[in-house]
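Chemist: Whatever this is, show me its structure:
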Amino acid sequence: MQENLRDKRLPWPILAICLLVSSISGLSGVQNAHGEDPQALVEQRTPHREEIQRDLQDQFAALFAGMSPAAKSGYRNLTQNVYLPADFDETVFRKLDTLEFSWPFLDEKLPKANRKGTWLAHGLASRPDDASLPLQYVQSKGQYVMNCFACHGGTLYGTTYPGSPNTTYALESFTEVVRKTKLQLGKPLTHMDMGLLVMPLGTTNGTSNAVMFGVALMNFRDADLNFLADKLPAAMTHHDMDAPPWWNFHRKSHLYIDGFAEKGHKGLMQFMLVRQNGPEKFRAWESEFRDVYQFLEELRPPKYPLAIDKPKAKRGQEVFEHHCAECHGTYGDNQAEYPERMIPIDEINTDRVRFDALTPEHRQAYGDSWFADYGKQDTIAHATGYVAPPLDGIWASAPYLHNGSVPTLWHLLHPDKRPAVWRRIAMACDEEQVGLVVEALDQVPKKLSKGEKRWYFDTQDTGKSAAGHDYPNALTESQKDDLLEYLKSL
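Modeler: Prediction:
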C-alpha cells in the first residue's frame, strides 16, 4: 500500500499545517484490455449526447426559476460569499491557462492554452447564471476561493448542474499544479498547497478524502468551536469518497453514508473549520446558511430525458418493489416513501474502510458540538453499517456505491462483471448501461504521470473495492434488464 493510505499519527508541526485544509491526456486511441476500441465505444453508447445536454440545461433553469427567494439567496451565498481563505489569484490562473493537461475524454476536445481548457481538465464548470465564472470557486478581488460546489456541483454529462456530484473534480492534481505555479511566480503558498504535503486530497479524480478532512479539522476544536492549540493530532485512515447528490437532501433526516448526523444548517458549515474562522464567524454566518439549507431542500434531480420503454419499466417496477423497495423506498407522486434504513456492514458487504475510519468518538464529538446544538440533534455515535440511499435521479448520479467504484447501473446489477480498473472516456451519458462511459482494464497502465493515473479507478486499492451489494445476483437477466429500465424513471 502507498504510505499515505496507511493509518498514521502525524507530528504536531506538520498537522498544524494540515489544519488549514478546507473542505473540501490519457491514452486514447488504443484498444483496452477487453479488445474494444474506445472511440467506437463512445460513438455507440452516446448517440443522443447533445439532446441530453440541452435537456439538462433546460431542466435546471426551470428548477431554479421556481425556487423560493430564500433558496435563491442560498445559491448566491455559495457562489458569491467568501467563507474560506483564497486558494490562488488571477495571475496564477493566467499562468495555468498556458499549460497543457492530460485529458481522457474522447467526445470533447480539450481546448489548449485557454481558460476553458484549464477548467475542464480539473473538473471546473461554468456557473449557469454567469458562464465567465467557475461554479466551484468564488471570485473576489482577483482571488479565487473554493466553495461547496467543488464537490457537489459539476459537469453532469456535459452540462453544469449544481447539486450533482462533481465526477471530474481533480482536486489533488489541481492543487499540485497551482502550488508549482505559485513557486515559479514567487507567490506564497496557502492552506490547500500546504495541506497536500501532509495528507492526500483525492487519489482518483471525482473523489476526495473529505471524511478525513473533517476529522482533522474537528480534532482541534472544542464543543464551542474554539481552536485548541495543544491537542495531539488524530489518527487518520485516508480514503476517498464519492460525493452524494444534493438533490436527495430533502428526502433525508440524517446525513452521510452511515447516517450518523441529523441534518441542519449548522452542520453544513463543518468544512469551513480552517484556523482563520473562529466561533464568532460561524455564528455570524448562521442566517446565510439557513438559506443554503433551503437551497438544498428545494433541489431536485433531473428527469431522464430520453424515451423509456413503459411496459419494460412497469415490469421493472414490480421487480424493484419485491427486491429493492424495503431498503431504498418507493417512488412516484402518490407513493414516495423513504425508510432511511441502515444496513449492517457485514450484510451489505461493500468496502468497509469508510465505516471503520470514522469512530464512535469522532461521531460523538460532532454530536456534542455547536454543529449539532450541543447534543440536541440526534447523533448516532455507534453506527452499524451504511444507510441505503434514496434513488431519485439515480440515472444521473453515477458512479455508484459510497466510494464511487461502480461506473454504471448495469455494472451495479451485475456484481461479477464490475471492472477491476476503469477509466472514464466520455463526458456524455452511457445510454446503454446508464452511467459513465468507461474502458475496462485489468490493471492501471505503467509509466503514467501522477495526473494521468488519477483518471483511473483501481478497485484493488485501499478503500476502493467494488465488492458487495450483490443482491442483484438473485435476479434473472430479464429481471435485471427490466429493472434497469425502471431505474431510469426515478
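Chemist: ranges for the helices of the stretch 51-200 of the chain?
Modeler: With DSSP state H, counting those that start in this stretch, the ranges of helices along the stretch 51-200 of the chain come out as 69-80, 90-96, 115-121, 149-152, 171-185, 191-195.
Chemist: So for the last one, mean pLDDT?
Modeler: Confidence for helix 191-195, expressed as mean pLDDT, is 92.
Chemist: is it possible to export the helices of the stretch 51-200 of the chain to a markdown table including mean neighbour count and distance to P407?
Modeler: To be clear about C-beta, it is placed using only N, CA and C from the backbone, and glycine gets the same treatment. Formatted as a markdown table, the helices of the stretch 51-200 of the chain follow (neighbours: other Cβ atoms under 10 Å; distance: least, Cβ to Cβ, whole Å):
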| stretch | mean neighbour count | distance to P407 |
| --- | --- | --- |
| helix 69-80 | 19 | 28 |
| helix 90-96 | 17 | 29 |
| helix 115-121 | 20 | 20 |
| helix 149-152 | 26 | 19 |
| helix 171-185 | 19 | 20 |
| helix 191-195 | 22 | 28 |
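Chemist: For those helices, please prepare CSV with the additional fields distance to A466.
Modeler: Putting the helices of the stretch 51-200 of the chain into CSV (distance: least, Cβ to Cβ, whole Å) gives the following:
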stretch, distance to A466
helix 69-80, 32
helix 90-96, 33
helix 115-121, 26
helix 149-152, 21
helix 171-185, 21
helix 191-195, 28
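Chemist: rank these by mean pLDDT and give me the bottom one.
Modeler: Minimum mean pLDDT among these: helix 191-195, a mean of 92.
Chemist: Which strands and helices lie in contact with the helix or strand following it?
Modeler: Going down the chain from helix 191-195, the next helix or strand is strand 207-208, by DSSP states H and E. The contact analysis (3 or more Cβ pairs under 8 Å, 6 or more residues apart in numbering; DSSP states H and E) places strand 207-208 against strand 241-242.
Chemist: Tell me which of the helices of the stretch 51-200 of the chain sits nearest to H328.
Modeler: With Cβ to Cβ as the criterion, H328 lies closest to helix 149-152 of those, at 21.2 Å.
Chemist: quick one, which of the helices of the stretch 51-200 of the chain is nearest to P344?
Modeler: Closest to P344 of the helices of the stretch 51-200 of the chain is helix 149-152 (Cβ to Cβ; 27.7 Å).
Chemist: Now tell me which helix or strand of this structure has the poorest mean pLDDT.
Modeler: When each helix and strand of the chain is scored by mean pLDDT, DSSP states H and E, helix 12-18 comes last, with a mean of 39.
Chemist: Name the next helix or strand downstream of it, please.
Modeler: Remark: after helix 12-18, the chain's next helix or strand is helix 38-45, criterion DSSP H and E.
Chemist: May I see the buried residues of that following helix?
Modeler: Residues 38, 41-42, 45 are the ones in helix 38-45 that count as buried (16 or more other Cβ atoms under 10 Å).
Chemist: For G367, give me its contacts.
Modeler: 260-261, 375, 377, 379, 381 (Cβ atoms under 8 Å, 6 or more residues apart in numbering).
Chemist: The helices of the stretch 51-200 of the chain: which one's closest to K314?
Modeler: Closest to K314 of the helices of the stretch 51-200 of the chain is helix 149-152 (Cβ to Cβ; 33.4 Å).
Chemist: now for that closest one, which elements pack on it?
Modeler: Using 3+ Cβ pairs under 8 Å, 6+ apart, no helix or strand is in contact with helix 149-152.
Chemist: and for that helix, what are the contacting residues?
Modeler: 23-24, 78-79, 135-137, 162-166, 169, 171, 208, 210, 243, 245-246.
Chemist: Please state the offset of stretch 331-338 from the chain centre?
Modeler: Chain-centre distance of stretch 331-338: 26 Å, with Cα atoms, centre = their mean, to the nearest Å.
Chemist: quick one: buried residues of that stretch?
Modeler: Under the neighbour-count criterion of 16+ other Cβ under 10 Å, stretch 331-338 has 331, 338 buried.
Chemist: so how far does that stretch reach from one end to the other?
Modeler: One end of stretch 331-338 to the other measures 9 Å (Cα to Cα, to the nearest Å).
Chemist: same check, this time on stretch 54-73
Modeler: End-to-end for stretch 54-73, by Cα to Cα: 25 Å.
Chemist: Identify each buried residue in that stretch, please.
Modeler: 55-57, 59-60, 63-64, 67, 71-73.
Chemist: Out of the residues you listed, which comes closest to L412?
Modeler: Closest approach between the buried residues of stretch 54-73 and L412, by Cβ to Cβ: L56, at 21.6 Å.
Chemist: on that earlier part again, to P390, which of the helices of the stretch 51-200 of the chain lies closest?
Modeler: helix 149-152 (15.9 Å).
Chemist: picking up where we left off before, from the contacts of G367, which two are the most distant?
Modeler: It's F260 and G375 that sit farthest apart of the contacts of G367, by Cβ to Cβ, at 13.5 Å.
Chemist: May I ask which of the contacts of G367 has the most neighbours?
Modeler: F260 (24 neighbours; other Cβ atoms under 10 Å).
Chemist: mind listing what that residue touches?
Modeler: 254, 358, 363, 366-367, 379-381, 383.
Chemist: confidence score at it?
Modeler: For F260, pLDDT reads 97.
Chemist: try Q31
Modeler: Q31 carries a pLDDT value of 45.
Chemist: about what we covered before: can you tell me which of the buried residues of helix 38-45 lies nearest to L201?
Modeler: Once Cβ to Cβ is applied, the member of the buried residues of helix 38-45 that ends up nearest L201 is P38, at 27.9 Å.
Chemist: which residue lies farthest from the center of this structure?
Modeler: P311 (33.7 Å; Cα atoms, centre = their mean).
Chemist: Show me the contact partners of the helix or strand hosting that one.
Modeler: When elements are assigned from DSSP H and E, P311 belongs to helix 310-323. Under the criterion Cβ under 8 Å, 6+ apart, residues 330, 471, 474-475, 479, 481-489 lie in contact with helix 310-323.
Chemist: do stretch 467-484 as well
Modeler: With Cβ under 8 Å, 6+ apart, stretch 467-484 has contacts from 312-313, 315-316, 319-320, 323-324, 348-351, 401, 409-410, 412-416, 434, 459.
Chemist: Show me just the buried residues among those.
Modeler: 312-313, 315-316, 319-320, 323-324, 348, 350-351, 401, 409-410, 412-415, 434, 459.
Chemist: show me what contacts C429?
Modeler: Neighbours of C429 in contact, by Cβ under 8 Å, 6+ apart: 46, 49, 52, 157, 395-396, 435, 437.
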